[in-house]
Structure formats: structure tokens, C-alpha cells
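Engineer: My questions concern the predicted model and sequence given below.
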Amino acid sequence: MQSQNKTVVKSMQILNLFMNHSKLTFNEMLELSGLPKTSLHRMIGSLEEMGFLTRDDDGYYSLGLIFLQFGQLVGERLDIRKIAYPIMKELRDDVEEAVNLIVRDTNEAMYIEKVDTLHPVRLYTSIGRRSPLYAGDSRIILAYLSEEEREAYLENIELKPIAIGTITDKKILRHALEDARMKGYTITSSELEDYTKSVSAPILNGKNQIVAGISVAGIDARFQEDRLPELIEKVKNAARRISLKLGSQTS
């Protein structure tokens, strides 16, 4: 086992003490964990510095507020799958294309639900797949981040070509993001896989913050120009319905 893995295991050993105790002193953690005093002292300091533990004026430690944020994110993402799935299935049955549900995971996007097309020729997209926020149907999430978050991402990301249509120029990407926010949807072509197309729309929570994106995607031969207006309206409507169930006030 590598030393960094041992550190993670010991950290979890400390945090797990709070599964059955709302607060503990250092000596109580020392007794319950069985860890050496110097190691425990060092690790508690690191956990406190990172916000995983907090200490009150009486010297008692408890879990930090960061766990509320993690819990909210996990709950939101689990709830959104349950809420979104029937609407995704209706959309798939209506347009006969694959429907994806995508969330942000740090600087990437993750596909957390999918209703596949019944067409024999289809895209390979599985639940758990990751993609960069700047490319493909994931870009709708980047478009709806706050300006501060969006610019921080753009300043630090290298735009690498993935397929023949991937945007690799930040000026063009910024324009595409602005266009997406103005119109309320994105259309992408051959950005993650060659000869594919997707239409995406944002899913918002009760604070009207982006929590996910929904898209229909398939081979570009089935996404002809005369069909796009219909797909756009239906994807936006599905996103709106899910958003309303999450408490969004968008009309």
C-alpha cells in the first residue's frame, strides 16, 4: 500500500468515528482510533485546515460544514436522476434519439443517466462516462456557470481536440458560451465523436443555478437542419419540466 493511501485510510478512520459520535475531544479520538498520538494530532490538524473537522471553544471536534455541501450535492444528483428519468424516457420515445443527463464533476462533466435510442446505429455513451466541460453536450453546463467560475475554468483549461468539430479556440468558445446563455440551448457537431450531433438544455435548481444538462444526441444524419427547431423546443421543454420539479421558477 502506498503511503498516500495509508493517509487516506487513517483519515477515514478518524472521520468514521463521527458516525456514532456528534463530537469528540482529542483524547477520546485517541482512545477510539488507536492511532499514535503524534500521527493523530497531525492528521486532525490537516482535516481541520481543509474544513472536514471543526473545533469549538471547549475543545470538542465535530464534522465540518463542508459535509453539508457534499451531502447536498450527492442528494441533489441522486434526486435528479429519479426526477429526470420518466421525462427523459418520454423525450426518447418522442424524438427516438438517445437522451443523456449530465452533471458537473469538478472540471469535467459526467453522464449520470441515459435512455438509449432504439435505432440500430447509435453513439457509445455510458453512464459514468466523463467529458471536458468545453466540448459536446457538456458545454451547456459551462455556459450556465457563474461568470467567475466560467472564466476561472477558461483561464486554466487547455482546449484539446477530441473529434473533428471540437472547439480549440477560446475566443470561439466564449462566443459559443454566450450564444448558449442567450438562446437557452446548445447545438454541437462532432465535438466528442465524429459525425455526431447533440442538442442540450440547462436544468436549474430552486436558486436558478445550473445543476445538470439534458441532451438528445445521435448520428448527424438524423439531425438535419429542418428537424433542429423541433428538437430544440422538445429538449428545452424537458429541461424546463425537470427544473420546475427541482424548484426552479423559470417559465
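Structural biologist: Now that the structure is in, tell me what you want to look at. Values in this document were obtained by computation on a predicted structure and should not be read as measured data.
Engineer: Burial check on Asp226, number of neighbours?
Structural biologist: Asp226 is flanked by 6 other residues according to other Cβ atoms under 10 Å. C-betas here are computed from N, CA, C, even on glycine.
Engineer: helix, strand or coil for it?
Structural biologist: Using DSSP: H, G, I helix; E, B strand; the rest coil, the secondary structure recorded for Asp226 is coil.
Engineer: And the one 4 residues further on, by the same measure?
Structural biologist: The three-state assignment at Glu230 reads helix, by three-state DSSP.
Engineer: Could you tell me how many residues sit around it?
Structural biologist: 12.
Engineer: any weak-confidence spans in the stretch 151-251 of the chain?
Structural biologist: Where the stretch 151-251 of the chain drops to pLDDT under 70, the residues are 250-251.
Engineer: in it, which spans are strands?
Structural biologist: 186-189, 196-204, 210-219 (DSSP state E, counting those that start in this stretch).
Engineer: for the stretch 1-150 of the chain, same thing?
Structural biologist: When secondary structure is read from DSSP E, counting those that start in this stretch, the stretch 1-150 of the chain shows strands at 53-55, 61-63, 98-105, 108-115, 130-132.
Engineer: closest one to Asn208 among these?
Structural biologist: strand 98-105 (15.8 Å; Cβ to Cβ).
Engineer: Tell me who's in contact with Asp94.
Structural biologist: Counting by Cβ atoms under 8 Å, 6 or more residues apart in numbering, Asp94 makes contact with Lys234.
Engineer: Which residue ranges of the chain form helices?
Structural biologist: When secondary structure is read from DSSP state H, the chain shows helices at 3-16, 26-33, 37-49, 66-95, 139-143, 147-156, 170-183, 228-245.
Engineer: can you list those helices in a markdown table and add distance to Ile162?
Structural biologist: Putting those into a markdown table (distance: least, Cβ to Cβ, whole Å) gives the following:
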| stretch | distance to Ile162 |
| --- | --- |
| helix 3-16 | 30 |
| helix 26-33 | 46 |
| helix 37-49 | 37 |
| helix 66-95 | 25 |
| helix 139-143 | 12 |
| helix 147-156 | 17 |
| helix 170-183 | 13 |
| helix 228-245 | 22 |
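Engineer: which of those helices sits most buried?
Structural biologist: Burial of the helices of the chain is given as mean neighbour count (mean count of other Cβ atoms under 10 Å); helix 139-143 ranks first at a mean of 27.
Engineer: picking that back up, would you reformat the strands of the stretch 151-251 of the chain as a markdown table and include mean neighbour count and distance to Phe70?
Structural biologist: Listed next are the strands of the stretch 151-251 of the chain as a markdown table, based on neighbours: other Cβ atoms under 10 Å; distance: least, Cβ to Cβ, whole Å:
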| stretch | mean neighbour count | distance to Phe70 |
| --- | --- | --- |
| strand 186-189 | 22 | 29 |
| strand 196-204 | 27 | 20 |
| strand 210-219 | 25 | 15 |
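Engineer: in the chain, which residue is closest to the centre?
Structural biologist: Centroid-nearest residue in the chain, with Cα atoms, centre = their mean: Arg104, separated by 2.0 Å.
Engineer: so that residue sits right up against Arg139, yeah?
Structural biologist: No: in this structure Arg104 lies outside contact range of Arg139 using Cβ atoms under 8 Å: 11.3 Å.
Engineer: so what's in contact with the two at the same time?
Structural biologist: Residues touching both Arg104 and Arg139 (Cβ under 8 Å, 6+ apart): Leu133.
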